[in-house]
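Visitor: here's my sequence, what's the structure:
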Amino acid sequence: MRQDVGVDGDAQRISQLCWMFFLKIIDDQDQELEMLQEGYRSPVPAPFQWRAWAADPEGITGEALLDFINEELFPSLKELPGAAQDGRRRVVRSVFEDAYNYMKSGQLMRQVVNKLNAIDFNNLKERQHFGDLYEQILNDLQSAGNAGEYYTPRAVTTFMAERIDPKPGEILLDPACGTGGFLTCAIRYMRERYVKTPDDELRMQRALRATEKKQLPHMLCVTNLLLHGIDDPSFVHHDNTLARPYISYGAGDRVDIILTNPPFGGREEDGIESNFPKHFQTRETADLFLALIVRLLKSSGRAAVVLPDGSLFGEGIKTRLKEHLLEECNLHTIVRLPNSVFKPYASIGTNLLFFEKGEPTRTVWFYEHRVPEGQKAYSMTRPIKVEHLQGCVDWWGGPERQDRQETEQAWKVGIDEIKARNYNLDFKNPHTVANDHGDPEELLAQLEAAEAKTAALRDQLKAILAEALLR
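Guide: From the prediction side, this is the model:
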């Protein structure tokens, strides 16, 4: 792909690979379902199935391959007809509606296709191995410009999913799902602990909900879910969750669990804020999502949400949002993360908020996660890992959060103190001793003395050089 003049940068290469992965995975699944289910029909029309144009290593190539892809395959799959209840066909259409073939060389395209032909996605071992590779591709998006915003480190998604403890049949929503990291972590968690029968698996899959606004992460998410054995990922909608009026979300839209990292630092397009009540109207994406998350939770529903430091200390609409959150929900835990967790595409402090709807907040526990000893910050080469969060897991107190203790990294704050600070939740660790840098006037005097000494030495050096030149 790097030799192809049409593909520019990692984000385009990954996008190009993704629609090809998608068609290969769908075709492998189809061939298995055709043997298991009498009368099964593929969601992809016969001429555009992978086996028809890609599977033969000596098949169509060069200009003929490019013409077929650009003039037949893409136009047909973008306009794929299908009944509303045909979920897999809707998935195919939604993946291709904004996809694009970047490659300009049919010969290089054939080489890529032949590489992909070597993978059998019906072989569990191969699929798991490829799933690990795909996970690394998603991780590598962090260095692919703006595409990095779609990826939440797997250590963080795993930690959040395990603390929320989802179960098959509980409706689980990610309203800004990106590449599907929270969904796949929750799926993996439930399969390891609660899925014992085919009925458990069915109940789990039917209770998943997700929406993603942008085309590339939507396509990556759908492919990710197929790799994780989700038969029908049509529950992942290609849409903007915030575009629907806040008031239109009723009882039928409520969910048991929300796991998400909503976009922050960005601003919504004109008009989106008018979908929200006047006292919540803003163009800041993270704030709008927080308001909607509180509304979407059922009574006794629970959520784990990533938010930036600004959401904790911000005023105005942010204050009203925090007051609303603390009145409607029990915000029981805030895990404070260091600035480097989301590097390189974001270098701001972030927080993991855990809350349950139905009772007001009385006490908030804070836990300060620190970079491991011997490491100044997290980075691409030394990212945050699951084991780095084990200290917080040990402190958490199990599903009921029992026997929590204040430590060097953990402290609690009562609601009265929060109200007294006008709902500012930016509480620093009280156990951290501030560095004593000394008296400012004394430090300034020392600085001036050092500067005078430096100037005197400079004058001496000039004199020595001048004398040397005269000789």
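Visitor: would you mark the buried spots in the host helix or strand of residue 25?
Guide: Counting by DSSP states H and E, the secondary-structure element that holds residue 25 is helix 10-36. Burial within helix 10-36, assessed by neighbour count using 16 or more other CB atoms under 10 Å, is assigned to 10-31. All C-beta spots, glycine's among them, are computed from the backbone N, C-alpha and C.
Visitor: swap in stretch 400-417?
Guide: Of all the residues in stretch 400-417, those buried under the rule 16+ other CB under 10 Å are 404, 409, 410, 411, 413, 415.
Visitor: how about stretch 264-278?
Guide: The neighbour-count criterion (16+ other CB under 10 Å) identifies 264, 268, 272, 273, 275, 276 as the buried residues of stretch 264-278.
Visitor: the helix holding residue 25 packs against which elements?
Guide: Of the remaining helices and strands, those touching helix 10-36 by 3 or more CB pairs under 8 Å, 6 or more residues apart in numbering; DSSP states H and E are helix 50-53, helix 87-96, helix 106-117, helix 124-140, helix 215-227.
Visitor: now, of the ones you listed, which is deepest in the fold?
Guide: Counting by mean count of other CB atoms under 10 Å, helix 215-227 has the highest mean neighbour count of these, with a mean of 25.
Visitor: quick check: mean pLDDT across that one?
Guide: Mean pLDDT, computed over helix 215-227, is 88.
Visitor: and that helix, how far out from the chain middle?
Guide: For helix 215-227, the distance from its own C-alpha centre to the chain's C-alpha centre is 12 Å (CA atoms, centre = their mean, to the nearest Å).
Visitor: do stretch 412-428 as well
Guide: Taking the mean C-alpha point of stretch 412-428 and that of its whole chain, the gap between them comes to 28 Å (CA atoms, centre = their mean).
Visitor: which parts of the chain are strands?
Guide: Secondary structure of the chain, counting by DSSP state E: strands at 172-174, 208-212, 236-238, 255-260, 297-308, 329-337, 350-357, 363-368, 410-414.
Visitor: any chance of a markdown table for those, columns distance to residue 197?
Guide: Formatted as a markdown table, those follow (distance: least, CB to CB, whole Å):
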| stretch | distance to residue 197 |
| --- | --- |
| strand 172-174 | 19 |
| strand 208-212 | 18 |
| strand 236-238 | 25 |
| strand 255-260 | 20 |
| strand 297-308 | 25 |
| strand 329-337 | 33 |
| strand 350-357 | 29 |
| strand 363-368 | 36 |
| strand 410-414 | 39 |
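Visitor: weakest of those strands in terms of mean pLDDT?
Guide: Within the strands of the chain, confidence is poorest for strand 236-238, with a mean of 92 (mean pLDDT).
Visitor: where in this protein is pLDDT low?
Guide: 82-85, 140-150, 266, 343-347, 433-438 (pLDDT under 70).
Visitor: can you list the domains in it?
Guide: By the assignment in automatic domain parsing, the chain contains the domains 10-120, 138-420.
Visitor: need the winner for burial among these.
Guide: Ranked by mean neighbour count under mean count of other CB under 10 Å, those are led by domain 138-420, which reaches a mean of 18.
Visitor: measure the nearest residue to residue 131 once chain neighbours are set aside to residue 190 for me?
Guide: Spatial nearest neighbour of residue 131, excluding adjacent residues (CB to CB, 6 or more residues apart in numbering): residue 227 at 4.8 Å. Counting by CB to CB, to the nearest Å, the gap from residue 227 to residue 190 is 17 Å.
Visitor: over to residue 430?
Guide: As for residue 430, its distance to residue 190 is 38 Å (criterion: CB to CB).
Visitor: check contacts around the closest residue to residue 171 other than its chain neighbours.
Guide: Leaving out its chain neighbours, the residue that sits closest to residue 171 by CB to CB, 6+ apart is residue 255, at 4.3 Å. Residues in contact with residue 255 (CB atoms under 8 Å, 6 or more residues apart in numbering) are 171, 172, 173, 209, 296, 297, 298, 301.
Visitor: from these, which is closest to residue 136?
Guide: Comparing the contacts of residue 255 against residue 136 with CB to CB picks out residue 172 as the nearest, at 25.2 Å.
Visitor: now do the contacts for the residue nearest to residue 131.
Guide: With contacts defined as CB under 8 Å, 6+ apart, residue 227 is in contact with 25, 121, 127, 130, 131, 134.
Visitor: which one of those sits closest to residue 186?
Guide: Each of these was checked against residue 186 using CB to CB; the closest is residue 131, at 15.4 Å.
Visitor: surely that closest one is in contact with residue 228?
Guide: Yes - Residue 131 lies in contact with residue 228 (CB atoms under 8 Å); the separation is 6.9 Å.
Visitor: about what we covered before: quick check: the farthest pair among the buried residues of stretch 400-417?
Guide: Taking CB to CB, the two most distant members of the buried residues of stretch 400-417 are 409 and 415; they sit 22.0 Å apart.
Visitor: need the contacts of residue 227 in a markdown table (columns: distance to residue 250).
Guide: Conversion of these to a markdown table gives the following (distance: CB to CB, whole Å):
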| residue | distance to residue 250 |
| --- | --- |
| 25 | 36 |
| 121 | 39 |
| 127 | 39 |
| 130 | 41 |
| 131 | 37 |
| 134 | 37 |
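Visitor: quick one: which of these is nearest to residue 199?
Guide: Using CB to CB, residue 127 is the member of those that lies nearest residue 199, at 23.0 Å.
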